[in-house]
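# Structure for this input, please:
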Amino acid sequence: MDKYLLSILFVFAAMSISAQKSMNFQYLHTIPVGAFQDNLMHRPSGIAFEYLFSPAKVKSLQLGAAFSVSMYQNEDHSGEIAVSSSQSAYVATNEDDCFYTYQGIARYYLSDQESFLRPYIQGQLGGATFFSTLTLTEDPEEAFASDTRSHGTAWLAGLGGGLAFKVCDLFYLDASMTYNESSVTNYRTSPESNPGAQYRIDLQSHQNRSKVNHLALKLGMNMLF
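Below is the predicted model of the structure:
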């Protein structure tokens, strides 16, 4: 997959050398749908970055790539955990459950570049990878180590649109909404902390498997250059 993504980025870079380009920086809020919604206790939020260019002289069309990182759970845990059959230790940790997305984009503007309002429609195709990071904040016996684990990857196909508000010739405010349909993948959703729970430290428990369909809402700035 990494070689495939690098090839796409190389082609985009080569095609965009003489084209008008834009970079978008956005806040991202995700609304899960279906089984994905049922399994999450918090709605994901994060940041997104887009790089787009207009091929040849077709200024209404933009091609490019998008990348985002979102967190849907951040928890602090503490408690006793068994080190061996006869020994236990007290540990305190922080766990982040997240996913990142990477998609190619084709965007078509419904008005010209001189317009104050520029509505657009877009399609996108790529993937989403889910991972968790466990950081030990208290472990006096150094019995365990911090860990990051990838759980699974899903393919994403999205369709949506947005509206760009012109501030000046080189700067737009941008708001968009995209629905992403996905394949099935694994992801982790730990239960909320409670004093009676055995502490979980391996990042392999509490796995869910389903489609991760969702609605992505973005708000940010669009810079032309």
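
# Spell out, range by range, the strands that occur in the chain.
Using DSSP state E, the strands of the chain run over residues 21-32, 45-53, 61-84, 87-109, 117-138, 147-168, 171-182, 184-188, 207-211, 214-224.

# How far away from the center of its chain is the first one?
In other words, strand 21-32. Centroid separation for strand 21-32 versus its chain: 9 Å, with C-alpha atoms, centre = their mean, to the nearest Å.

# helices and strands around it, which ones?
Packing partners of strand 21-32 (3 or more C-beta pairs under 8 Å, 6 or more residues apart in numbering; DSSP states H and E): strand 45-53, strand 61-84, strand 171-182, strand 214-224. Where you see a C-beta, it was placed from the backbone N, CA and C, and this is true even at glycine.

# Strand partners (parallel or antiparallel) of the longest one?
Within its sheet, and counting by DSSP bridges, strand 61-84 is paired with strand 45-53 (antiparallel), strand 87-109 (antiparallel).

# Low-confidence stretches in the chain?
1-19, 83, 138-145, 191-200 (pLDDT under 70).

# quick one: the residue of it positioned farthest from its centre from Asn94, how far?
Most distant residue from the mean C-alpha position of the chain: Ser86, 42.4 Å away (C-alpha atoms, centre = their mean). Between Ser86 and Asn94 the computed distance is 28 Å (C-beta to C-beta, to the nearest Å).

# can you tell me which of the helices and strands packed on strand 21-32 comes nearest to Phe36?
Comparison of the helices and strands packed on strand 21-32 against Phe36 by C-beta to C-beta identifies strand 214-224 as nearest, at 6.2 Å.

# Which positions in stretch 161-173 come out as buried?
With burial defined by 16 or more other C-beta atoms under 10 Å, the residues of stretch 161-173 counted as buried are 162, 164, 166, 172.

# Could you find the closest non-adjacent residue to the third one?
Of all residues not flanking Lys166 in the chain, Phe116 sits nearest, at 4.9 Å (C-beta to C-beta, 6 or more residues apart in numbering).

# Could you do the first one as well?
Among residues not flanking Gly162 along the chain, Ser176 sits closest, at 2.9 Å (C-beta to C-beta, 6+ apart).
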